[in-house]
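*Asks:* Build the 3D model from these lines:
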Amino acid sequence: MVKVNLGGCSSFVKDADYKEYVAKAFKALEVLNSGSGAGNDFLGWRHLPSETPESLIAECEAIRDCWKEKGVDLVVVIGIGGSYLGARCAIEALSHNFAKQLSGKKAAPEVVFAGNNLSEEYIAELMDLVAERNTATVVISKSGTTTEPAVAFRVIKEHIEKTYKDASERIVAITDAKKGALKTLATQEGYKTFVVPDNVGGRYSVLTPVGLLPIVLAGFDVREMLAGAKEMEDACSAMTEDNPALQYAAMRNLLYSEFGKKVEILVAYNPKLQYLGEWWKQLFGESEGKELKGIFPASVNFTTDLHSMGQFIQEGERIMFETVVNVEKSSRSVVIGSDPQNLDQLNYLAGLHVEHCNAMAQLGTKLAHIDGGVPQLEVSIESISAFNLGGLFQFFEYACGISAYVLGINPFNQPGVEAYKKNMFALLEKPGYEEQTKAIKARL
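*Replies:* Model (predicted):
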């Protein structure tokens, strides 16, 4: 169960002001639940936890088992934005930090990601790895023409076709049900396909095949993930004051609108959650950053970033608040020993768990930042697990929808994303962009 603690905001806000924003959040939640708001044709994510069929999971597992029989030990997942961030978040959170370095036969293939940049060095170095490994790929794109994943797929596809006689069995496409370049190619070549639902936008798609298939291939339990998400589907749709998504959305909008807190920093005290921050930034940034409105989403990993960003957060311009993802229990145990010389002066910690020190650093930071004028919200899970990650995904998606509607924003479109693409196409002299090419070259 995801829990929200607003105590770190109590010295900044009045109860009456919070209640006012709770009322606004209730209205926004009613719009979300009824499907009556802007972007209501992209609300399919709300019921994915309760409506995902067992047959879909079985299809994912069939791909896993087929590739295992072929000896596949490297899976390249090709996608950008929501087509890779959720899967990468889950896989990195659930994986051993040093899985790549540990010796011994791996139970599941290594999953790596491509198509999320246009770096020639990255692609070349990826191909160095691919050349040494038994490789298959999952390509994720509604259209098949998004530049970054399309470039990566062209390179990977060429290698697979040249290297393996069963090339078509080593490529899975997650794409539109009926149309688009990737769907056409998959039909022509006989690739196994999964559908990106029409009513689920990319940044809300982690619990569709977009996220579920890579997570299954990496060896993790998506049934548990969906169960955790189902718990939060029920909790976050409830028209009650203990709805955690409603509480979070109300407070962050109050801090933004009434106190000028324009930046929200998502804080994790476990490096496994680094990509939760990346996924969260896309979710909120693309959903709320419109019409000259929105809270700027940033993320840090403490205590690491206390030694880089800590000074600014403590004493810089007072434009921010923090949302800490609190993990209540560590899944591993390391106790600090005693040293006869005590040159590092750490014997006062002897016998304590490292995680206890982490917890005290977290509490000390909370008090320091609140004293420094930085309100703090807490979002807590019991431990890092598939169940709790599923809960976090559903919680933040619901909170984002509520929050954007409080702002008066359509949470489900992204018109500004096209601006850079048009300039890039013109500069690359893409057919059909001749006039734009002339105009942009004149500017340069």
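*Asks:* got the contact list for residue 6?
*Replies:* When contacts are counted by CB atoms under 8 Å, 6 or more residues apart in numbering, residue 6 touches 18, 247, 251, 377, 378. Yep, even glycine has a C-beta here, placed from its N, CA and C like the rest.
*Asks:* Pretty sure it sits in a strand.
*Replies:* Yes. With DSSP: H, G, I helix; E, B strand; the rest coil as the criterion, residue 6 is assigned to a strand.
*Asks:* center of the chain, which residue is that?
*Replies:* residue 279 (2.1 Å; CA atoms, centre = their mean).
*Asks:* Against which helices or strands is the strand ranked longest in the chain packed?
*Replies:* In the chain, ranked by residue count with DSSP state E as the criterion, the top strand is strand 320-327. Packing partners of strand 320-327 (3 or more CB pairs under 8 Å, 6 or more residues apart in numbering; DSSP states H and E): helix 244-259, strand 263-268, helix 354-371, strand 376-381.
*Asks:* Export the ones you listed as CSV, with columns for distance to residue 88 and mean pLDDT.
*Replies:* Shown next, in CSV, are the helices and strands packed on strand 320-327 (distance: least, CB to CB, whole Å; pLDDT from 0 to 100):
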stretch, distance to residue 88, mean pLDDT
helix 244-259, 23, 98
strand 263-268, 15, 98
helix 354-371, 24, 97
strand 376-381, 19, 98
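*Asks:* Of all the ones you listed, which one comes closest to residue 93?
*Replies:* Among those, the nearest to residue 93 by CB to CB is strand 263-268 (9.7 Å).
*Asks:* Walk me through which strands the closest one pairs with, and which way each runs.
*Replies:* Sheet pairing for strand 263-268, assigned by DSSP bridges, gives strand 296-301 (parallel), strand 320-327 (parallel).
*Asks:* what's the most buried one of these?
*Replies:* Mean neighbour count (mean count of other CB atoms under 10 Å) peaks for strand 320-327 among the strands paired with strand 263-268, with a mean of 22.
*Asks:* Average pLDDT for it, rounded please.
*Replies:* Mean pLDDT, strand 320-327: 98.
*Asks:* Then stretch 388-405?
*Replies:* Mean pLDDT, stretch 388-405: 98.
*Asks:* Take that stretch, keep the C-alpha atoms, and write them as PDB.
*Replies:* Output of stretch 388-405 as PDB, limited to C-alpha atoms (Å, rounded to 0.1, in the frame of the first residue of the first chain):
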ATOM      1  CA  ASN A 388       5.000  -2.100  -4.400                       C
ATOM      2  CA  LEU A 389       6.400  -0.800  -7.700                       C
ATOM      3  CA  GLY A 390       3.000  -1.600  -9.300                       C
ATOM      4  CA  GLY A 391       1.400   0.400  -6.600                       C
ATOM      5  CA  LEU A 392       3.700   3.400  -7.100                       C
ATOM      6  CA  PHE A 393       3.000   3.400 -10.900                       C
ATOM      7  CA  GLN A 394      -0.700   3.500 -10.400                       C
ATOM      8  CA  PHE A 395      -0.500   6.000  -7.500                       C
ATOM      9  CA  PHE A 396       1.500   8.500  -9.500                       C
ATOM     10  CA  GLU A 397      -0.600   8.100 -12.700                       C
ATOM     11  CA  TYR A 398      -3.800   8.800 -10.700                       C
ATOM     12  CA  ALA A 399      -2.200  11.700  -8.800                       C
ATOM     13  CA  CYS A 400      -0.900  13.200 -12.100                       C
ATOM     14  CA  GLY A 401      -4.400  13.000 -13.700                       C
ATOM     15  CA  ILE A 402      -6.000  14.700 -10.600                       C
ATOM     16  CA  SER A 403      -3.300  17.300 -10.300                       C
ATOM     17  CA  ALA A 404      -3.400  18.300 -14.000                       C
ATOM     18  CA  TYR A 405      -7.200  18.700 -13.900                       C
END
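*Asks:* helices and strands around the helix or strand hosting residue 234, which ones?
*Replies:* Assessed by DSSP states H and E, residue 234 sits inside helix 222-237. If you count contacts as 3+ CB pairs under 8 Å, 6+ apart, helix 222-237 packs onto helix 48-51, helix 54-69, helix 209-217, helix 244-259, helix 386-407.
*Asks:* if I pick the nearest residue to residue 39 once chain neighbours are set aside, what's in contact with it?
*Replies:* In space, and not counting its chain neighbours, residue 39 is closest to residue 412: 3.2 Å by CB to CB, 6 or more residues apart in numbering. Residue 412 is in contact with 38, 39, 41, 42, 43, 201, 204, 287, counting by CB under 8 Å, 6+ apart.
*Asks:* which residues touch the first one?
*Replies:* Contacts of residue 38 were listed using CB under 8 Å, 6+ apart, and they are 409, 410, 411, 412, 413.
*Asks:* Likewise for the third one?
*Replies:* With contact set as CB under 8 Å, 6+ apart, residue 41 has these partners: 198, 199, 412.
*Asks:* now those in a markdown table, with secondary structure?
*Replies:* As requested, those are exported to a markdown table (three-state DSSP):
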| residue | secondary structure |
| --- | --- |
| 198 | coil |
| 199 | coil |
| 412 | coil |
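*Asks:* got these as CSV, with pLDDT columns?
*Replies:* Formatted as CSV, the contacts of residue 41 follow (pLDDT from 0 to 100):
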residue, pLDDT
198, 94
199, 96
412, 95
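*Asks:* Quick one: which of the contacts of residue 412 is the most crowded by neighbours?
*Replies:* Most neighbours among these, by other CB atoms under 10 Å: residue 204, with 29 neighbours.
*Asks:* Now that residue: closest residue in space, sequence neighbours ignored.
*Replies:* Spatial nearest neighbour of residue 204, chain neighbours left out: residue 45 (3.9 Å); criterion: CB to CB, 6+ apart.
*Asks:* Would you mind checking which of the contacts of residue 41 is nearest to residue 79?
*Replies:* Set against residue 79, the nearest of the contacts of residue 41 by CB to CB is residue 198 (17.4 Å).
*Asks:* With adjacent residues omitted, what lies nearest to that closest one?
*Replies:* The shortest distance from residue 198 to any non-neighbouring residue, by CB to CB, 6+ apart, is to residue 177 (7.2 Å).
*Asks:* Same check on residue 137?
*Replies:* Residue 137 sits nearest to residue 76 (CB to CB, 6+ apart), 4.4 Å away.
*Asks:* quick one, which of the strands paired with strand 263-268 is nearest to residue 437?
*Replies:* Taking CB to CB, strand 296-301 is the member of the strands paired with strand 263-268 nearest to residue 437, at 32.6 Å.
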